[in-house]
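>>> quick one, structure for this:
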Amino acid sequence: MKRNILIFGLIAGFIIGVLMQFSLWLGNKNPDYGHSLITGYATMVLGFALIFVGVKNFRDKYNQGSVSFGKAFKIGFGITLIASTIYVIFWLVDYYVFMPDFMDKYADQMMKIARESGVSPADLSKKVAEINNMKEQYKNPVMVVLWTYLEIVPVGLVISLLSAVLLRRKRRSAAMPVVA
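Alright, predicted model coming up:
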């Protein structure tokens, strides 16, 4: 089970990380960040599809075709943690090495969107406070790590739950003789 979790977690993590790199590269060409949410979460779902594959692989190859909900969820959660850690590492390298001004650009874009949306001055000042708070939190590397995990882990948890529900299968008992 551990080997299965490790292999599928690493593959999922690298798929998500590499696709994130590609998405960030595209985003630098057009920094409106609008595509980032859709592309980012689609990338996560695509990578986390390996949770389903990993649970099914364990059930069919290593566990005689059966797996409980709990064990399937445990496998999915393990894959989620490994893939999420790889995603966090990719983001930390991107953020600190290639895009140290990301939060400034992101905050500017969010402010532009807020101003263009025609919100009231009171709501705009709330938005400014939120954005400034986020920028301040991003100055702390621990918060960068926590926010990044918070971004990806829920997606993996949902896919782990769905995979556990869809793939659980009770062990078949020995066939009982038919009495005529």
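
>>> when you work out contacts or count neighbours from here on, use the C-alpha atoms and nothing else.
Will do.

>>> and Thr85, how many neighbours does it have?
Thr85 is flanked by 21 other residues according to other CA atoms under 10 Å.

>>> if you count neighbours, what's buried in the host helix or strand of it?
According to DSSP states H and E, Thr85 maps onto helix 69-93. Across helix 69-93, burial judged by 16 or more other CA atoms under 10 Å covers 69, 71-92.

>>> need the contact list for the spatially most central residue of the chain.
With distances taken as CA atoms, centre = their mean, Ile152 lies nearest the centre of the chain, 2.7 Å away. With contact set as CA atoms under 8 Å, 6 or more residues apart in numbering, Ile152 has these partners: Met44, Ser84.

>>> what helices or strands is the lowest-mean-pLDDT helix or strand in the chain leaning on?
Every helix and strand of the chain was ranked by mean pLDDT, DSSP states H and E. The lowest is helix 102-116, at a mean of 81. The contact analysis (3 or more CA pairs under 8 Å, 6 or more residues apart in numbering; DSSP states H and E) places helix 102-116 against helix 121-137.

>>> could you give the angle of the helix it packs on to helix 102-116?
Inter-element angle recorded for helix 121-137 and helix 102-116: 170 degrees (by axes from the mean of the first three to the mean of the last three CA atoms, to 10 degrees).

>>> hmm, who's touching helix 121-137?
Under CA under 8 Å, 6+ apart, the answer for helix 121-137 is Met103, Asp104, Ala107, Met110, Met111, Ala114, Arg115, Met143, Val144.

>>> no further queries at this time; thank you.
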